[in-house]
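Visitor: Model the structure of this input:
(one chain, ligands or ions: 1)
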Amino acid sequence: MNDFKNLFLLNDEVTFLNFGSFGATPKPVFEKFQSFQLEMERDPVQFITKRGIQYLKESREALASMIHAQANDLVMVTNPSYAVNTVAKSLELKAGDEILATNIEYGACDRTWDFVCKEHGAQYIRQHVSLPLVSDEQFVDDLFQGATDNTKMIFISHITSTTALIFPVEAVIQKAKTLNIPVFVDGAHAIGQIPLNLTALDADFYTGACHKWLMTPKGSSFLHVKKSWQEYIKPLIVSWGYEALFPSDSKFIDWHQMNGTRDYTAMLCVPHAIAFRQAHDWDTVSDRARNLAYQNAITYSRLLQSPLLGNAQYIGQMVSVQIQTPDPEALYLELVQRFKIEIPVMRQDEKVYLRYSVQAFTDQNDLDTLFEAIETLKKEEKLMV
Ligand SMILES: Cc1ncc(COP(=O)(O)O)c(C=O)c1O
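Guide: Numbers count the residues shown, from 1 in each chain. Prediction:
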């Protein structure tokens, strides 16, 4: 077991190559999480109404400083679905309006936009973008083929779930500005995996899941909204924060943060996750992981005779390869039950992808275990090339 494996609680009988779905929390951060829960249980009223609110503010401040944003422009939410629903349901779309996205967005977000668009007679456009991703220009050209005078917003992943590609959102935002189209970036996988500067990026909306690559406990994410939009974004849950009896200095925070009794202790762990990363020189750790991910991508793509989905600059700590299999769900079960490898096998429309994540504790042995399993499955014709 390498030193980093020891810092996590993960079951060491499993080769864990799916950090991307729900992350995993390092032991010291998890202990802090439990200590917040104990503090709450010992003194629920003071914690939920006072101390916890102060800790939440400290979380927003630590997060804001990490991603170069202002603390009052971001609110902690449980997950990106919550953030996407908050914005989508605030837009007051009309019949004929369009929301432009790529054809590679996350399924839950596709469903949210479909639902909201249908309610208003608007359309959710999943514009085809060509792969492999080789240049920003190619991507921007493809995406904006779908833009029309009716486009009310662009919704785009920063790092996609199924292909794991880092999309050139900077270039998308620049082009969208010239057309006056607001952009909502789904950065679920970005926070903690790649450096973020939300001020420089200047997206209208940005959401990220801290419980993935930032490694906080599950149920801690954020929604960042540009100041000029804040008054138009309605609370998804109306509660004491609306027309608050004791308003804070930000109506935006009150509206979206005070939404009924809940356990928000996972959100309080942001400063502790950031401190953990600093203590372990996480920039260096991430660089090593990214290099290991890419080196193996080449071998992996040869093994499966499937081209890389993008050039090196579009690949981070996760790599996806398109695969041919008669039964993706059976393949997943085979990998997890027979080979004890936790790795997602994901469908997107008619395509199927296998995606591995490389985190601090992942080493070449883990990836070799996967490669050997793939060779066996190829021989057994459960994976075709
Ligand atoms: C690209 C992307 N967006 C959003 C999400 C958030 O999903 P949820 O709201 O279910 O946590 C995920 C989760 O994996 C994702 O990969």
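Visitor: Without its sequence neighbours, what residue ends up closest to residue 123?
Guide: Distance criterion C-beta to C-beta, 6 or more residues apart in numbering; nearest residue to residue 123, sequence neighbours excluded, is residue 98 at 4.9 Å. (Each C-beta comes from the backbone N, C-alpha and C, glycine too.)
Visitor: tell me, how many neighbours does the one you found end up with?
Guide: Number of residues near residue 98 (other C-beta atoms under 10 Å) recorded here: 20.
Visitor: Who are the contact partners of it?
Guide: By C-beta atoms under 8 Å, 6 or more residues apart in numbering, the contact set of residue 98 is 122, 123, 124, 125, 148, 150, 151, 152.
Visitor: Can you tell me the SS state at the fourth one?
Guide: In this case it means residue 125. strand (DSSP: H, G, I helix; E, B strand; the rest coil).
Visitor: That one touches residue 99, doesn't it?
Guide: Yes - at 6.8 Å, residue 125 counts as touching residue 99 under the criterion of C-beta atoms under 8 Å.
Visitor: which neighbours do those two share?
Guide: Contacts common to residue 125 and residue 99, judged by C-beta under 8 Å, 6+ apart, are residue 151.
Visitor: any idea how far residue 207 is from the residue nearest to residue 123?
Guide: With distances taken as C-beta to C-beta, to the nearest Å, residue 98 is found 21 Å from residue 207.
Visitor: before we move on, what about residue 62?
Guide: 18 Å.
Visitor: quick one: which of the two has more around it?
Guide: Shown here are residue 62 and residue 207; by other C-beta under 10 Å, residue 207 has more neighbours (29 against 17).
Visitor: what's across from that one in the sheet?
Guide: Beta-bridge partners for residue 207, by DSSP bridges, are residue 186, residue 223.
Visitor: ok now do it, which residues does it touch?
Guide: Residue 207 is in contact with 77, 80, 83-84, 184-188, 221-224, counting by C-beta under 8 Å, 6+ apart.
Visitor: Same check on residue 70?
Guide: Contacts of residue 70 by C-beta under 8 Å, 6+ apart are residue 64.
Visitor: separation between it and residue 198?
Guide: Taking C-beta to C-beta, one finds residue 70 at 9 Å from residue 198.
Visitor: would you list every one of the strands in the chain?
Guide: In the chain, the segments counted as strands under DSSP state E are 15-16, 74-77, 98-102, 123-127, 151-157, 183-186, 205-209, 221-225, 318-323, 341-342, 345-348, 351-357.
Visitor: got the buried residues for the last one?
Guide: For strand 351-357, a neighbour-count test (16 or more other C-beta atoms under 10 Å) marks 352, 353, 354, 355, 356, 357 as buried.
Visitor: so what's the third one up against?
Guide: Counting by C-beta under 8 Å, 6+ apart, residue 354 touches 304, 320, 321, 323, 343, 344, 345, 346.
Visitor: Just among the residues you listed, which is most surrounded?
Guide: Counting by other C-beta under 10 Å, top hit in those: residue 320 with 26 neighbours.
Visitor: That one contacts residue 355, correct?
Guide: Yes - with contacts counted by C-beta under 8 Å, residue 320 reaches residue 355, the gap being 4.1 Å.
Visitor: list the residues that contact both of those two?
Guide: Common contacts of residue 320 and residue 355 (C-beta under 8 Å, 6+ apart): 162, 164, 346.
Visitor: Residue 134: which of those residues is nearest?
Guide: Distance to residue 134, by C-beta to C-beta, is smallest for residue 164 among these, at 15.9 Å.
Visitor: partner residues bridging the nearest residue in space to the closest one that is not next to it in sequence?
Guide: Leaving aside its chain neighbours, residue 164 sits nearest to residue 318 (3.8 Å; criterion: C-beta to C-beta, 6+ apart). According to DSSP bridges, the partner residues bridging residue 318 are residue 357.
Visitor: could I get the lengthiest helix in the chain in CSV with only the CA atoms?
Guide: As assigned by DSSP state H, the longest helix anywhere in the chain is helix 282-303. C-alpha atoms of helix 282-303 as CSV (Å, rounded to 0.1, in the frame of the first residue of the first chain):
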residue,chain,number,x,y,z
TRP,A,282,-1.4,18.7,-4.1
ASP,A,283,-0.3,20.6,-7.2
THR,A,284,2.6,18.2,-7.5
VAL,A,285,0.3,15.3,-6.7
SER,A,286,-2.1,16.3,-9.4
ASP,A,287,0.7,16.8,-12.0
ARG,A,288,2.0,13.3,-11.3
ALA,A,289,-1.5,11.9,-11.6
ARG,A,290,-2.2,13.7,-14.8
ASN,A,291,1.0,12.4,-16.4
LEU,A,292,0.3,8.9,-15.3
ALA,A,293,-3.3,9.2,-16.7
TYR,A,294,-2.0,10.3,-20.0
GLN,A,295,0.9,7.8,-20.3
ASN,A,296,-1.6,5.0,-19.7
ALA,A,297,-4.1,6.5,-22.1
ILE,A,298,-1.8,5.7,-25.0
THR,A,299,-1.3,2.0,-24.0
TYR,A,300,-5.0,1.7,-23.2
SER,A,301,-6.1,3.1,-26.5
ARG,A,302,-3.8,0.7,-28.3
LEU,A,303,-5.1,-2.2,-26.3
